[in-house]
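> predicted coordinates and the sequence they were generated for:
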Amino acid sequence: NPAKALGIESKITWCKGDILNSNLVKRVIADYEIELVYHLAALPIVQVGLRTTVPMFETNLIGTLNVLEALKEEYLMGGYDIPLVHMSTDKVYGLTDWGRKYREEDPLNAEIPYEASKACADIAVRTYKSSGYIKRASVVRPSNIYGPGDMNNRIIPNTIRFCLQGEPPKLWRDYTYVREYTFVDDWVDAMQAVAKFTFETGGDIFNIGSAVSKTQSDVIGEICKYFDIQPITVEPPDYTKKEIPYQALDHSKINRMLGWSAKTPFEDGITETVVWWKTNVKDIAPNL
């Protein structure tokens, strides 16, 4: 439970349920008089989508449609204009030339399940807005987000887990894929800036990035500095062949229009993340 591990569980009003339950989504938005929706719910892992394709599309697309339908009813039937900030991903752009940065006006060329399901949701949000079903909506397409509280099956949490157990992290052989990494505090600042903009203007599409691009070796090597351990090189799993080799964002639009830019150096973000894991390991992962 990341909220419990971060010490914020008691500060949140929780409604447990399924985003595929359209009536529940409508009730949450209506009963609690919601003033702004950050739509973050998703099945987020590429390799998961390759194994559970239909649930990936159900959650990421149908779940988004349920949120949109709830907001549509609030607006068209009740006159309540509730803004939406929808979290998409940089992966919706699909393959790009090595060294080229994605721009917001680029086509969405996603081809594998996770990317495609998020691209469908991205399009759905913009469709509801352009059709007049909702009046205020923004789509954000962030790079990889990392930091304290992330316990998912991703490279940074997984590497820290290995190191805490005294096991060498696994470095994929001949794996030179590049990703952009944004620290969670910077992403939160960006989301709040986008929400304010959406309230005031109706919204837009924004890339959220840090200009910090790293290989798998870079990321694992930075984490290993905090442990007396070195990675081992192994053959990569088959799913890695489906991943986009190079990803980087042009985030000049959000910088120009909203005055936002990432402030946390990658090394500082990794330090804070590792310290958080070491401090909380007994509570968040008692078996380590």
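Done, it's in. Numbers count the residues shown, from 1 in each chain.

> every contact and neighbour count from this point should use C-alpha atoms.
Fine.

> could you point out which residue ranges in the chain have low pLDDT?
Scanning the chain for pLDDT under 70 picks out 46, 49, 283-288.

> and stretch 59-79, what's buried?
Neighbour-count burial for stretch 59-79, with 16 or more other CA atoms under 10 Å as criterion, is recorded at 59-75.

> can you check stretch 17-27 too?
Within stretch 17-27, the residues that count as buried by 16+ other CA under 10 Å are 19-20, 22, 24-26.

> quote the end-to-end distance of it.
With CA to CA, to the nearest Å as the measure, stretch 17-27 spans 11 Å from end to end.

> what's it in contact with?
By CA atoms under 8 Å, 6 or more residues apart in numbering, the residues outside stretch 17-27 that reach it are 41, 58-59, 62-63, 66-67, 70-71.

> also stretch 73-84?
Identification of contacts with stretch 73-84 by CA under 8 Å, 6+ apart yields 30, 34-39, 71, 133-138, 195, 198-199, 202.

> next helix or strand past the one helix or strand Leu50 maps to?
Per DSSP states H and E: Leu50 is located in helix 46-51. The first helix or strand that comes after helix 46-51 along the chain, using DSSP H and E, is helix 53-57.

> just the CA atoms of the helix or strand following that next one, as CSV, please.
Downstream of helix 53-57, the first helix or strand assigned by DSSP H and E is helix 63-78. C-alpha atoms of helix 63-78 as CSV (Å, rounded to 0.1, in the frame of the first residue of the first chain):
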residue,chain,number,x,y,z
GLY,A,63,-12.2,2.6,-17.5
THR,A,64,-11.4,5.9,-19.1
LEU,A,65,-14.8,5.9,-21.0
ASN,A,66,-16.5,5.3,-17.7
VAL,A,67,-14.9,8.4,-16.3
LEU,A,68,-15.7,10.4,-19.4
GLU,A,69,-19.4,9.3,-19.3
ALA,A,70,-19.7,10.3,-15.7
LEU,A,71,-18.3,13.7,-16.4
LYS,A,72,-20.5,14.0,-19.5
GLU,A,73,-23.6,13.3,-17.4
GLU,A,74,-22.6,15.8,-14.8
TYR,A,75,-22.2,18.5,-17.5
LEU,A,76,-25.1,17.7,-19.9
MET,A,77,-27.7,16.7,-17.3
GLY,A,78,-26.7,18.7,-14.3
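
> still on that earlier bit, of the contacts of stretch 73-84, buried ones?
Those of those that meet the buried threshold are 30, 36-37, 39, 71, 133-138, 195, 198-199, 202, by 16+ other CA under 10 Å.

> surely Ile145 is within a strand?
Yes: counting by DSSP: H, G, I helix; E, B strand; the rest coil, Ile145 is part of a strand.

> ok, it - contacts?
By CA under 8 Å, 6+ apart, the neighbours of Ile145 are 181-184, 187.

> of those, buried ones?
In the contacts of Ile145, burial by neighbour count holds for 181-184, 187, counting by 16+ other CA under 10 Å.

> can you give me the helices for the stretch 101-250 of the chain?
Under the criterion DSSP state H, counting those that start in this stretch, the stretch 101-250 of the chain contains helices at 113-130, 155-164, 184-201, 216-224.

> how far off helix 155-164 does the shortest one point, in degrees?
In terms of direction (axes from the mean of the first three to the mean of the last three CA atoms, to 10 degrees), helix 216-224 departs from helix 155-164 by 50 degrees.

> tell me the SS of Ile270?
When classified by three-state DSSP, Ile270 comes out as helix.

> that one - nearest residue in space that isn't next to it in sequence?
Ile223 (6.8 Å; CA to CA, 6 or more residues apart in numbering).

> same check on Pro169?
Nearest to Pro169 is Pro231, by CA to CA, 6+ apart, at 4.6 Å.

> that neighbour: how many residues sit nearby?
Using other CA atoms under 10 Å, Pro231 has 18 other residues around it.

> that one contacts Lys170, doesn't it?
Yes: Pro231 is in contact with Lys170 according to CA atoms under 8 Å; the separation is 5.6 Å.

> ok so, going back, want to throw the contacts of stretch 17-27 into a markdown table with distance to Lys118?
Below are the contacts of stretch 17-27 laid out as a markdown table (distance: CA to CA, whole Å):
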| residue | distance to Lys118 |
| --- | --- |
| Ala41 | 11 |
| Glu58 | 11 |
| Thr59 | 10 |
| Ile62 | 11 |
| Gly63 | 11 |
| Asn66 | 15 |
| Val67 | 14 |
| Ala70 | 19 |
| Leu71 | 19 |
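
> re the thing from before, contacts only, for the residue nearest to Pro169.
By CA under 8 Å, 6+ apart, the contact set of Pro231 is 168-171, 220-221, 224.
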